[in-house]
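K.L.:
sequence first, then the predicted structure, then my questions.
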Amino acid sequence: MKRNKNFENNLILYLVATPIGNLNEMNQRAIDIIKNADIIACEDTRVASKLLSLFNIHKKNFISMELHNEKERAYQIIEHIKSGKNVIYMSDAGYPAISDPGQILVKLCLDNDICVSSVSGPCALINALSSSGLDTNHFLFYGFLKSKQSSRLKELEELKNIPYTIIFYESIHRILKTINDIYDVFGNRDMVIARELTKINEEYIFGSTYELKDIDETTLKGEMVLIVEGFKNIEKEEISDEKIISEINDYLNKNMSKKDAVKYIADKYKINKKEIYKIVNKINN
Ligand code: SAM
């Protein structure tokens, strides 16, 4: 599990959402963050300059990052952030990473221990998703699950084979029960908890459903969005016995019980637990 307290970390990329039509919808926080930036990474520098000049911001340090050169430019942007520069990324209109460049950049930042924070739309789900590092190409917003557990489990059963990122809203009172139910029905998947977005305690918690089901509830205050990886149909043939053994050994070395390690791998690769026991026993004998 990894917890990014966004405003306690110096290394941060701001994803600045821009108006989708009416430029007067640009908000003060976004303007302040742009004013404070050393480098403005954006899709089209002409579009960005036009928007900035409307707010009397005159910057020269632009990096253009579009879909066709995103990977190469993302590495450059990361180097600037690591060297201590304030860097933002803005798309021509709307949110970065939502049918626009940004997904690769976000993932690379998170892999390089750089926090990512979305500024600053009024909708929690898009803020959470765009900075989550999970697949933004296709997603399903489910909102709140039912509060009665039997109904919630039924809803989750209906969602479990959906191959798209799934986004839930949840209240502080049910958060742990909901994560446990998600784990029980969906099995082990990547998950992100996006908490207290745009507030001083903004935090992104990255982990698997297996890890997050045991998170200390007392550390989860405030409002939260849950983002869960979609169903992946991984063919058994893609995973060698050696890989399974090596991963099981890793978990055993981290003091996970054999039973849990087998369940974890079974969930992760959608393989029957009996088959995994067979592989483990074959090697052990
Ligand atoms: N209309 C709002 C929107 O567009 O996001 C959602 C309102 S809904 C009644 C409240 C839920 O939204 C919360 O329980 C939480 O799941 C999510 N939420 C709202 N503000 C949030 C924030 N700052 N950080 C994380 N989640 C938030």
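P.N.:
Received the coordinates, thanks. Numbers count the residues shown, from 1 in each chain.

K.L.:
could I get the phi/psi values of the residue lying closest to residue 78 once chain neighbours are set aside?
P.N.:
Leaving aside its sequence neighbours, residue 78 sits nearest to residue 112 (CB to CB, 6 or more residues apart in numbering; 5.5 Å). C-beta here means a position set from N, CA and C on the backbone, and glycine is covered the same way. Main-chain dihedrals, residue 112, degrees, to the nearest 10: phi -100, psi 20.

K.L.:
for the chain, which segments count as helices?
P.N.:
28-35, 45-54, 70-82, 103-111, 124-130, 149-159, 175-186, 209-212, 241-253, 258-269, 273-284 (DSSP state H).

K.L.:
which other helices and strands does the third one contact?
P.N.:
Right, helix 70-82. Using 3 or more CB pairs under 8 Å, 6 or more residues apart in numbering; DSSP states H and E, the elements in contact with helix 70-82 are strand 12-16, strand 39-42, strand 62-64, strand 87-90, helix 103-111.

K.L.:
could you check the angle the first one makes with helix 28-35?
P.N.:
Same thing as strand 12-16. 120 degrees (axes from the mean of the first three to the mean of the last three CA atoms, to 10 degrees).

K.L.:
export strand 12-16 as CSV, just CAs?
P.N.:
Once non-C-alpha atoms are left out, strand 12-16 reads as follows in CSV (Å, rounded to 0.1, in the frame of the first residue of the first chain):
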residue,chain,number,x,y,z
ILE,A,12,3.8,17.0,-7.3
LEU,A,13,2.2,17.4,-10.7
TYR,A,14,-0.9,19.4,-10.9
LEU,A,15,-3.4,18.4,-13.6
VAL,A,16,-5.3,21.6,-14.3
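
K.L.:
just how off-centre is it within its chain?
P.N.:
14 Å (CA atoms, centre = their mean, to the nearest Å).

K.L.:
other SSEs contacting that strand?
P.N.:
Taking 3+ CB pairs under 8 Å, 6+ apart as the contact cut, strand 12-16 packs with helix 28-35, helix 70-82, strand 87-90, helix 103-111, strand 115-119.

K.L.:
highest mean neighbour count out of the ones you listed?
P.N.:
strand 87-90 (a mean of 26; mean count of other CB atoms under 10 Å).

K.L.:
residue 7 contacts residue 204, doesn't it?
P.N.:
No: with contacts counted by CB atoms under 8 Å, residue 7 stays clear of residue 204, the gap being 11.6 Å.

K.L.:
comparing the two, which residue is more hemmed in?
P.N.:
Comparing residue 7 with residue 204 by other CB atoms under 10 Å, the one with more neighbours is residue 204, at 24 against 15.

K.L.:
and the more buried one, how far is that from residue 12?
P.N.:
11 Å (CB to CB, to the nearest Å).

K.L.:
who touches both of these two?
P.N.:
Common neighbours of residue 204 and residue 12 (criterion: CB atoms under 8 Å, 6 or more residues apart in numbering): 6, 115-116.

K.L.:
spatially nearest residue to residue 14 (excluding sequence neighbours)?
P.N.:
Distance criterion CB to CB, 6+ apart; nearest residue to residue 14, sequence neighbours excluded, is residue 88 at 4.4 Å.

K.L.:
what do you get for residue 93?
P.N.:
residue 20 is the one closest to residue 93 (CB to CB, 6+ apart), at 5.0 Å.
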